[in-house]
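Undergrad: the sequence isn't on hand, but the structure is:
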C-alpha cells in the first residue's frame, strides 16, 4: 500500500502506526455512544444496551473518557451489589420476625351465621 499525499495509507494510519485521520463522523458517533452510556450510569437507567455496529475502532482521543466511564460503571455495579446484599439482609430479618409470631386466633365468634 502506498501512502497518500498526507503520509497515511488508506486505513488512515500513518507510518508510526497512529490514527491521524479520525473522521469527524466516527468521532461524533463514538462520542454519542459514550454520552448515552455515561447518562445511563448517572441516571441508574437499567435499559438494555446493544453493542453499536459500524463505528470502527474507538478513536484514541476518547480512550481516557471510555476508561473513566468503565471505572464509573464498576463503581455503580459495586454500589448496586452492596444495596442488593443489604436488601437481602433486611428481608432475612423480616422473615425471622414473621417466623416468631404465633398465628392469631379469632377474637370474635360469628354466632349469627
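TA: The structure has been received and is ready for your questions. In this text the structure is predicted, and so the values were computed from the model without any measurement.
Undergrad: where is the longest helix in the protein?
TA: Longest helix in the chain, counting residues (DSSP state H): helix 63-100.
Undergrad: for residue 56, which residues are in contact?
TA: Shown in contact with residue 56 (CB atoms under 8 Å, 6 or more residues apart in numbering): residue 26. Using the backbone N, CA and C atoms, a C-beta is placed for each residue, glycine as well.
Undergrad: name the element it belongs to?
TA: Residue 56 is part of no helix or strand, with elements assigned from DSSP states H and E.
Undergrad: quick one: it and residue 70, what's the gap?
TA: Going from residue 56 to residue 70 by CB to CB, to the nearest Å gives 19 Å.
Undergrad: one step back: run through the neighbouring helices and strands of the longest helix of the chain.
TA: Counting contacts by 3 or more CB pairs under 8 Å, 6 or more residues apart in numbering; DSSP states H and E, helix 63-100 packs against helix 24-43.
Undergrad: show me which residues of the longest helix of the chain are buried.
TA: 66, 69 (16 or more other CB atoms under 10 Å).
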